[in-house]
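Student: what follows is a predicted structure for the sequence shown.
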Amino acid sequence: MNSLDSLFEPIASESVVDLVAGQIESMIVEGILREGARLPSERELSERFDVSRPKVRDALKRLEGQGLLRVRQGEGTFVAKLAGEAMSPALIDLYARHGHAFYDYLEYRREQEAFAARMAALRATPSDREAIEHLVRELDEAHETDDPDRSAAADVRFHGSIVNASHNAMLMHMMTSIYELTRRGVFYNRRYLRSIDGTGDQLLAQHHRIAEGVLAGDPVEAEEAAREHLDFVEQSFREGIDRERREGFARKRKITGELA
């Protein structure tokens with residue numbers, strides 16, 4: 001059986017177009033179908049919904065008219081870009097010049113991810129747990145092989161898996177935009193953070209603790225672990241920036257001393 005078969009359920013005859021559109025809408029709201037995801041063909045959807053192709057076509061046209069789907073000629077039907085950019089390029093450049101915005105970003109992530117971890121501990125399904133465990137193994141392997149790129153990618157996906165397990169649709173859509181900024185290294189480079197940590201051992205241990213809290217169904221522990229992880233990130237950056245500032249002053253004093 002194709003794995004997509006389990007996503008779509010046969011529907012009764014009345015209000016077929018409404019029901020087809022409604023199922024697809026629900027999957028978008030719940031984050032099952034994300035922006036950019038390609039839908040099966042009309043024929044495949046017709047078979048999976050067990051309705052006629054004209055009804056499927058009408059439903060897809062309705063969703064396209066609502067801005068939820070986008071048809072690319074010769075390519076297929078895709079979920080449209082629904083969430084706007086968290087920040088415009090101009091605002092990102094502005095924030096890059098004013099470092100305090102970075103701490104606003106961490107503050108926002110700390111509160112949202114603490115909430116997500118709490119909810120995940122209460123709501124995670126077996127599939128959610130499997131995804132979290134898989135990403136913990138991915139983090140472990142990337143750490144063992146000293147692969148910073150793989151580690152950075154797994155880091156973002158790990159936090160995303162916790163948010164997904166919260167089953168809060170609004171949170172999932174909002175954090176997708178935030179994690180895209182993280183993935184692009186807009187505010188910080190994880191390689192730099194790992195260099196501050198020294199070995200990355202503490203970061204790995206913190207991810208393990210978040211996962212363990214969620215998997216144990218302990219909302220208090222999961223929330224505390226997520227909050228302390230972001231506290232550690234913030235404190236590490238503050239210390240790293242201060243260390244670089246002091247080193248800069250020391251180099252300048254050395255130069256002036258040599259010129260004296």
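Tutor: Okay, I see it. Given the structure is predicted, the values throughout are model-derived calculations rather than measurements. Numbers count the residues shown, from 1 in each chain.
Student: give me the contacts around stretch 154-168.
Tutor: Contacts with stretch 154-168, where a contact means Cβ atoms under 8 Å, 6 or more residues apart in numbering, come from 30-31, 112-113, 115-117, 119-120, 123-125, 128-129, 131-132, 135-136, 138-139, 142, 171-172, 175-176, 179, 182-183, 190, 203, 207, 210-211, 214, 226. (Each C-beta comes from the backbone N, C-alpha and C, glycine too.)
Student: out of these, which are inside helices?
Tutor: Among the contacts of stretch 154-168, the members found in helices (DSSP state H) are 112-113, 115-117, 119-120, 123, 128-129, 131-132, 135-136, 138-139, 142, 171-172, 175-176, 179, 182-183, 190, 203, 207, 210-211, 214, 226.
Student: which among these count as buried?
Tutor: 112-113, 115-117, 119-120, 128-129, 131-132, 135-136, 138-139, 142, 171-172, 175-176, 179, 182, 190, 203, 207, 210-211, 214, 226 (16 or more other Cβ atoms under 10 Å).
Student: mind checking how far the residue nearest in space to the middle of the chain is from Gln206?
Tutor: Among the residues of the chain, Gly160 comes closest to the average C-alpha position under Cα atoms, centre = their mean, at 3.6 Å. Here Gly160 is placed at a distance of 16 Å from Gln206 (Cβ to Cβ, to the nearest Å).
Student: mind checking the end-to-end distance for stretch 26-41?
Tutor: Start-to-end span of stretch 26-41 (Cα to Cα, to the nearest Å) is 19 Å.
Student: for Ala37, what are its contacts?
Tutor: Ala37 makes contact with 78-79, according to Cβ under 8 Å, 6+ apart.
Student: and if you look at the one 5 residues further on?
Tutor: Residues counted as contacts of Glu42 (Cβ under 8 Å, 6+ apart) are 53, 56-57, 60.
Student: domain parsing for this protein?
Tutor: 3-79, 89-256 (automatic domain parsing).
Student: can you put those in JSON lines and add mean pLDDT?
Tutor: JSON lines is the format used below for the domains of the chain (pLDDT from 0 to 100):
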{"stretch": "domain 3-79", "mean pLDDT": "85"}
{"stretch": "domain 89-256", "mean pLDDT": "86"}
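Student: going along the chain, name the strands of the stretch 1-150 of the chain.
Tutor: Applying DSSP state E, counting those that start in this stretch to the stretch 1-150 of the chain gives strands spanning 69-72, 76-79.
Student: please identify the deepest-packed of those strands.
Tutor: Comparing the strands of the stretch 1-150 of the chain on average neighbours per residue, with mean count of other Cβ atoms under 10 Å, the densest one is strand 76-79 at a mean of 17.
Student: elements contacting that one?
Tutor: Strand 76-79 sits against strand 69-72, with contacts defined as 3 or more Cβ pairs under 8 Å, 6 or more residues apart in numbering; DSSP states H and E.
Student: so what does the strand it packs on touch, helix or strand wise?
Tutor: On the basis of 3+ Cβ pairs under 8 Å, 6+ apart, strand 69-72 makes packing contacts with helix 53-65, strand 76-79.
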